[in-house]
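*Asks:* Quick one: sequence and predicted model below, then my questions.
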Amino acid sequence: MNRAGFIHDKLDIKFLILYLMSRVAAPVDFTTLADLTFCDDGVEYFDFAESVAELVQTGHLRQEDNRYTITEKGRRNGTVCESSLAFSVRQKCDRNLARVNSALRRDSQVRTELLPREDNGVTLRLILDDDKGNIMTLDMLTVSEAQANQLAEKFRAHPEKLYESILQVLLDAE
């Protein structure tokens, strides 16, 4: 069967996966890797899934906690083979990577931790970082894990609002 697109077999898919994984900002899950890889009409799901499994088996990728990272072997072999990918495919990959990397960087900069307390409450730690280091760490006492999870979710969605509100209160001259 003739495939559409520039990717024609599993070897091309492996080159594409190594190209993507060498440029992704953080470990990614299978779904994110699939979304990035399906940038060409020639990629089929089962060939993609087999290629990922084979790259893990051969030591080109590492799988930990349902997330994938590229190994030195994968990076080295991917660099040698990336010129075999069509220029238009690499352009699509780079556009998709910019979007995914932006989200991955933001996720790594906004973190929360739930710390159990002896009084059955929970301390919620909110952490906001940037490329240069920690911007803010705030510990809050909550009455339950459910409340801590609810607050953590809101913080992860809008960390800038909390940071700006705290700055506004601190800088407000009366």
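*Replies:* Received, thanks.

*Asks:* Just the buried positions in whatever helix or strand Ser51 lives in, please.
*Replies:* Here Ser51, judged by DSSP states H and E, is contained in helix 45-57. By 16 or more other Cβ atoms under 10 Å, the buried positions in helix 45-57 come out as Asp47, Phe48, Ser51, Val52, Leu55. C-beta: built from backbone N, CA, C; applies to glycine.

*Asks:* Is it correct that the first one is in contact with Leu11?
*Replies:* This points to Asp47. No: at 10.1 Å, Asp47 does not count as touching Leu11 under the criterion of Cβ atoms under 8 Å.

*Asks:* Run through the neighbouring helices and strands of whatever helix or strand Glu160 lives in.
*Replies:* Glu160 belongs to helix 159-171 when assigned by DSSP H and E. Counting contacts by 3 or more Cβ pairs under 8 Å, 6 or more residues apart in numbering; DSSP states H and E, helix 159-171 packs against strand 122-130, strand 133-142.

*Asks:* can you redo those strands as JSON lines with mean pLDDT and distance to Glu113?
*Replies:* Compiled in JSON lines, the helices and strands packed on helix 159-171 are given as follows (pLDDT from 0 to 100; distance: least, Cβ to Cβ, whole Å):
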{"stretch": "strand 122-130", "mean pLDDT": "93", "distance to Glu113": "4"}
{"stretch": "strand 133-142", "mean pLDDT": "93", "distance to Glu113": "9"}
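
*Asks:* so the residue positioned nearest the centre of the chain is in which element?
*Replies:* With distances taken as Cα atoms, centre = their mean, Leu104 lies nearest the centre of the chain, 3.9 Å away. Per DSSP H and E: Leu104 is located in helix 87-109.

*Asks:* With Glu113 instead?
*Replies:* strand 110-116.

*Asks:* Could you tell me which residues within the helix holding Leu104 count as buried?
*Replies:* Neighbour-count burial for helix 87-109 [16+ other Cβ under 10 Å]: Val89, Arg90, Cys93, Asn96, Leu97, Val100, Leu104.
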